[in-house]
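In: Have a look at this prediction, sequence included:
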Amino acid sequence: MSEENITRLSLDGKELILIGTAHVSKQSAEQVKEVIETERPDSVCIELDEQRYQSIKAGNSWKDMDIFKVIKEKKATLLLMNLIISSFQRRLAKQFGIKPGQEMIQGIESAEQTGATIVLADRNIQITFARIWHNVGLWGRAKLLLEIIYSIFSKDDISEEELEKLKTQDMLNSTLHEFTVAFPRLKVPLIDERDQYLAQKIKEAPGKKIVAVLGAAHVPGIKEEIKKDHDLETLTKRPAKSRAPIMIAWIIPLLILGIIGYTFYANPAAGVDLTMSWILWNGFFAALGTAIALGHPLTVITAFVVAPLTSLYPLLAAGWFAGLLEAYIRKPKVRDFETLSEDVFTVKGFWSNKVTRILLIVVLANLGSTLGSIIGGADVIRLFFRNILGG
């Protein structure tokens, strides 16, 4: 048995065998099978969380998805990001004839065949995303979405050189690699914290002999972190929401309403101008985002109508109304869910599949409404100074 990519450690009477895998390599899956069958460990730790594990077991089936529930629970953006990353993986699979994550699937199968305990050792992906989201700030979030979309749809093929780079990273790391360079703080929740979480789960795995199937990028960090004790509860806490964005989200609408209200009192004609400016800017950009997502004409009109109102009430969002109406008018059929994993492979598929189109409408209508609020708010203030203060 080749010892290449294998790290052996002894800790507290346990024998730990770390397999540093390449997530896009057939050879890695073969090595995982060989190591587990030869070593016959008590436990096999897999770099997956419960959500991704269930997804693999179900064969990435989306048939049970309730699109209305996704929108109401404000999970449209997260689901869209997951689907975009999935499309990146499928593009690799098609181009190079490989199945990303095959080594993890092999680890599960071999563990079941040898009677080993399966330990899902990675942190919940939603918690990782939440901590990433918290770290990068408002402007960073917009850039993050653009970076992910650009990295996936910017070109048709991936070069051999890029493939070699991917072989040393896990899928989440590789998709966000360039963004990590631009935002160093992203490395903490994406890599460092996951190294700590994985190390602690491996240490706590039952039995005396443990095999861990890991992306090669995590092995150096885990070798260091496994010597320390880590609090899993702390690592899985969702970041506390800052009060500042919430206060700003309420202060700005109140300011806009105050300005418009005072203008009506001082100069009714100017008040009409301010009101129309706010309505037109908000409605136009929300409707534009919905139209770009190829929403139904009634959905586009709805986005235009509700955006000026939802922008003044932070607990609501134009995209939710637009998305729910689109889902009602063009309710996804069983076929849309069955072909979802294939449709996300192409840009055309994202826009033609009714499920992803609804998600795009939610996201793009909200982005449009936000942009409209910024431009509309600035224009309201400009008109106020010109008409009331004489500036």
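Out: That came through fine. Numbers count the residues shown, from 1 in each chain.
In: any idea which helix is longest in this structure?
Out: helix 354-387 (DSSP state H).
In: where exactly do the strands run in the stretch 151-300 of the chain?
Out: Along the stretch 151-300 of the chain, counting by DSSP state E, counting those that start in this stretch, strands occupy 209-215.
In: Going along the chain, name the helices of the stretch 151-300 of the chain.
Out: All helices of the stretch 151-300 of the chain, identified by DSSP state H, counting those that start in this stretch, fall at 160-166, 171-175, 177-182, 187, 193-204, 219-225, 232-235, 243-266, 268-292, 297-310.
In: closest one to E15 among the ones you listed?
Out: Between E15 and the helices of the stretch 151-300 of the chain, the shortest separation by C-beta to C-beta is 11.6 Å, and it involves helix 193-204. Using the backbone N, CA and C atoms, a C-beta is placed for each residue, glycine as well.
In: Run through who's touching the closest one.
Out: With contact meaning C-beta atoms under 8 Å, 6 or more residues apart in numbering, helix 193-204 is reached by 11-12, 14, 16, 18, 45, 47, 119, 121-123, 128, 131, 210, 212, 214, 218, 221-222, 224-226, 228-230, 232, 235-236.
In: Taking strand 209-215 as reference, get the angle to it.
Out: Angle, helix 193-204 to strand 209-215, by axes from the mean of the first three to the mean of the last three C-alpha atoms, to 10 degrees: 160 degrees.
In: Name the residues of helix 193-204 that are buried.
Out: 193-203 (16 or more other C-beta atoms under 10 Å).
In: could those residues be laid out in CSV, adding distance to L255 and pLDDT?
Out: Shown next, in CSV, are the buried residues of helix 193-204 (distance: C-beta to C-beta, whole Å; pLDDT from 0 to 100):
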residue, distance to L255, pLDDT
E193, 38, 91
R194, 41, 92
D195, 45, 93
Q196, 43, 95
Y197, 43, 95
L198, 47, 95
A199, 49, 95
Q200, 47, 95
K201, 48, 96
I202, 52, 95
K203, 53, 94
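In: Per-residue pLDDT of the nearest residue to K227 once chain neighbours are set aside, please?
Out: Excluding the flanking residues, the one nearest K227 by C-beta to C-beta, 6 or more residues apart in numbering is L11, at 7.8 Å. Listed pLDDT for L11 reads 90.
In: related to what we said a few turns ago, any idea of the mean pLDDT for the longest helix of the chain?
Out: Averaging pLDDT along helix 354-387 gives 90.
In: Show me which residues of it are buried.
Out: Going by 16+ other C-beta under 10 Å, helix 354-387 has these buried residues: 354-373, 376-377, 379-381, 383-384, 387.
In: Look at N173 and report its pLDDT.
Out: For N173, pLDDT reads 56.
In: how near is Y53 to S277?
Out: According to C-beta to C-beta, to the nearest Å, Y53 and S277 sit 51 Å apart.
In: do the same with A216
Out: From A216 to S277 the distance is 55 Å (C-beta to C-beta).
In: Could you do I17 as well?
Out: I17 sits 66 Å away from S277, going by C-beta to C-beta.
In: Can you add distance to L324 and give the helices of the stretch 151-300 of the chain back as CSV?
Out: Listed next are these as CSV, based on distance: least, C-beta to C-beta, whole Å:
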stretch, distance to L324
helix 160-166, 38
helix 171-175, 29
helix 177-182, 31
helix 187, 37
helix 193-204, 35
helix 219-225, 43
helix 232-235, 35
helix 243-266, 22
helix 268-292, 12
helix 297-310, 9
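In: out of those, nearest to R335?
Out: With C-beta to C-beta, the closest approach to R335 among the helices of the stretch 151-300 of the chain belongs to helix 297-310: 20.9 Å.
In: buried residues in that closest one?
Out: So helix 297-310, judged by 16+ other C-beta under 10 Å, has buried residues 299-308, 310.
In: Next secondary structure element downstream of it?
Out: Downstream of helix 297-310, the first helix or strand assigned by DSSP states H and E is helix 318-329.
In: From the chain's centroid, how far away is that next one?
Out: Helix 318-329 has its C-alpha centroid displaced from the chain centroid by 21 Å (C-alpha atoms, centre = their mean, to the nearest Å).
In: Over to stretch 384-391?
Out: 44 Å.
In: now what about that stretch, what contacts it?
Out: Here stretch 384-391 has contacts from 259, 262-263, 266-267, 270, 273-274, using C-beta under 8 Å, 6+ apart.
In: filter those residues to the buried ones?
Out: Buried, going by 16+ other C-beta under 10 Å: 259, 263, 270, 273-274, out of these.
In: Return the residues in contact with the nearest residue in space to T21 that is not next to it in sequence.
Out: In this structure, T21 finds its nearest non-sequential neighbour in S28, 3.9 Å apart by C-beta to C-beta, 6+ apart. Applying C-beta under 8 Å, 6+ apart, one finds that S28 lies in contact with 5, 19, 21-22, 102-103.
In: redo that, cut-off 6 Å
Out: 21-22, 103 (C-beta atoms under 6 Å, 6 or more residues apart in numbering).
In: Out of those residues, name the ones that lie in helices.
Out: Reading helices off these with DSSP H, I get E103.
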